[in-house]
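S.K.: need a structure here:
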Amino acid sequence: MDSGEIYDVIIIGAGPAGISASIYAVRKNLKVLLVSKNIGGQAAFSGNVENLVGYSLITGAELAIKFREEIERFNGQGLTIKEGEEVTNLSGQEGDFEVQTQNGKYRSKTVIIASGRIPRMLNIPGEKEFLGKGVATCATCDAPLFKGKEVVVVGGGNSALDAAFSLLKVATSVTIVNLTDSLSGDSVLMKNVTSSSLVKILNNHQLTEIEGDQFVTGVKIQDLANKEITQKPVSGVFIEIGWTPSTNFDPLSHKNDHGEIMVDEFGQTLVPGLFAAGDVNDLWGEQIVIAAGEGAKVALRVSEHLSKTPHSVSSNIHEQG
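M.R.: Model prediction:
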């Protein structure tokens, strides 16, 4: 616990948004604390990333290493990193926020929530083992990796339909495994998906196991009507049963019906001094490059916000710009 120390900004989360916010805040001569369970966030669990500026191809694990290398350059020079700490509560007000973890309490004048979102998972055998190795939660990110392959999409709503539509452009077949009697979602999207000869829909079915060696090789699917289980060879499994914004620790900000933190175009919440960047907020677009851009923008806004109120100057030696 940092007794008596007050930071200019505490950044919660070290995914693309949190890393970017940290770098920009430090370079604006702010005293920054970065708190996160891990470095990389959900991006670390992606397979191959092919749509990130500056990289023609990089794995999620490699990207997390790059994130770490980037922030380590500033560690101890305006930036303090608390890795392996999960935030359990956020309280206070502008000028005196308190962030609590299992290890202690930290105070700051402003806070940037960049904790991302958590995909809802099936909790079946093979799911964790093959995450990023054929099991994916973002078709927009990973669909191109399954060109010419057979895939399964799990879910029955708009998320599943969106994923199936993206995969139709590259995969040889798409099987939708839906727990309920019928699909539901946008009518135009549903028509586009269900009218394709490449799509097979299994309503009243569920995935019971994901199989593989180093990568996914197949799945087991149960018919809920007769309890019969069949094995299907596939190379990819897209779990599209929704996401949950990671905000359990935050009683301060206002949320929309989806649990996303409501912000303006600058990432400012309705609570003065409290900001949110990346997938945790209600702005459109859940992509690595968008989250990183939001992190930078929000950090610059925080710097501007603090410049209008009296605050102590940190010992940060880095240039402003």
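
S.K.: Which parts of the stretch 1-150 of the chain are strands?
M.R.: 6-12, 32-36, 48-49, 58-59, 79-83, 87-93, 96-101, 105-113, 117-119, 135-136, 150-154 (DSSP state E, counting those that start in this stretch).

S.K.: nearest to residue 253, of those?
M.R.: Nearest of these to residue 253, taken as C-beta to C-beta: strand 105-113 at 7.1 Å. The way it works is simple: take the backbone N, C-alpha and C, and place the C-beta from them, glycine included.

S.K.: What helices and strands are in contact with that closest one?
M.R.: With contacts taken as 3 or more C-beta pairs under 8 Å, 6 or more residues apart in numbering; DSSP states H and E, strand 105-113 sits against strand 6-12, helix 16-27, strand 32-36, strand 87-93, strand 96-101, strand 274-276, helix 288-307.

S.K.: Let's see that with 6 Å instead.
M.R.: The helices and strands touching strand 105-113, judged by 3 or more C-beta pairs under 6 Å, 6 or more residues apart in numbering; DSSP states H and E, are strand 6-12, strand 96-101, strand 274-276.

S.K.: Next, format the strands of the stretch 1-150 of the chain as TSV and append mean pLDDT, mean neighbour count and distance to residue 207.
M.R.: Shown next, in TSV, are the strands of the stretch 1-150 of the chain (pLDDT from 0 to 100; neighbours: other C-beta atoms under 10 Å; distance: least, C-beta to C-beta, whole Å):
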stretch	mean pLDDT	mean neighbour count	distance to residue 207
strand 6-12	97	26	33
strand 32-36	97	26	31
strand 48-49	65	18	23
strand 58-59	76	16	25
strand 79-83	96	19	34
strand 87-93	97	16	32
strand 96-101	98	19	35
strand 105-113	97	25	33
strand 117-119	87	19	15
strand 135-136	94	27	10
strand 150-154	98	26	6
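
S.K.: thinking again about what came up before, among the helices and strands packed on strand 105-113, which comes closest to residue 57?
M.R.: Closest approach to residue 57 among the helices and strands packed on strand 105-113 (C-beta to C-beta): strand 6-12, 28.4 Å.

S.K.: Sheet-wise, list the partners of that closest one with their directions.
M.R.: strand 32-36 (parallel), strand 105-113 (parallel) (DSSP bridges).

S.K.: how far off helix 288-307 does it point, in degrees?
M.R.: Angle of strand 6-12 versus helix 288-307, following axes from the mean of the first three to the mean of the last three C-alpha atoms, to 10 degrees, is 160 degrees.

S.K.: quick one: strand 6-12 to chain centroid distance?
M.R.: Mean-position distance between strand 6-12 and its chain equals 21 Å (C-alpha atoms, centre = their mean, to the nearest Å).

S.K.: quick one: which helix or strand includes the most far-flung residue of the chain relative to its centre?
M.R.: Distance from the C-alpha centroid of the chain peaks at residue 226, with 37.3 Å (C-alpha atoms, centre = their mean). Here residue 226, judged by DSSP states H and E, is contained in no helix and no strand.

S.K.: which residues sit in contact with it?
M.R.: By C-beta atoms under 6 Å, 6 or more residues apart in numbering, the contact list for residue 226 is empty.

S.K.: what do you get for residue 136?
M.R.: Residues counted as contacts of residue 136 (C-beta under 6 Å, 6+ apart) are 142, 238.

S.K.: Look up how far residue 130 lies from it.
M.R.: From residue 136 across to residue 130, the span is 10 Å (C-beta to C-beta, to the nearest Å).

S.K.: cool, residue 267 as well?
M.R.: Distance from residue 267 to residue 130, counting by C-beta to C-beta: 35 Å.

S.K.: same question, residue 38
M.R.: In terms of C-beta to C-beta, residue 38 sits 19 Å off from residue 130.

S.K.: These two: who's more crowded?
M.R.: residue 130 (20 against 16; other C-beta atoms under 10 Å).

S.K.: got the CA coordinates for stretch 198-217 in PDB?
M.R.: What follows is stretch 198-217, C-alpha atoms only, in PDB (Å, rounded to 0.1, in the frame of the first residue of the first chain):
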ATOM      1  CA  LEU A 198     -22.500 -22.700 -46.400                       C
ATOM      2  CA  VAL A 199     -24.400 -22.400 -43.200                       C
ATOM      3  CA  LYS A 200     -25.900 -25.300 -41.100                       C
ATOM      4  CA  ILE A 201     -28.100 -24.400 -38.100                       C
ATOM      5  CA  LEU A 202     -28.400 -26.700 -35.200                       C
ATOM      6  CA  ASN A 203     -31.100 -25.300 -32.900                       C
ATOM      7  CA  ASN A 204     -31.700 -27.100 -29.600                       C
ATOM      8  CA  HIS A 205     -28.100 -28.200 -29.500                       C
ATOM      9  CA  GLN A 206     -25.200 -27.500 -27.300                       C
ATOM     10  CA  LEU A 207     -21.400 -27.900 -27.400                       C
ATOM     11  CA  THR A 208     -20.200 -30.400 -24.700                       C
ATOM     12  CA  GLU A 209     -16.500 -30.600 -25.500                       C
ATOM     13  CA  ILE A 210     -13.800 -29.000 -27.700                       C
ATOM     14  CA  GLU A 211     -11.100 -31.500 -28.900                       C
ATOM     15  CA  GLY A 212      -7.600 -31.000 -30.300                       C
ATOM     16  CA  ASP A 213      -3.900 -31.600 -30.100                       C
ATOM     17  CA  GLN A 214      -1.900 -28.400 -30.300                       C
ATOM     18  CA  PHE A 215      -4.900 -26.700 -32.000                       C
ATOM     19  CA  VAL A 216      -8.600 -27.400 -32.300                       C
ATOM     20  CA  THR A 217      -9.500 -30.500 -34.400                       C
END
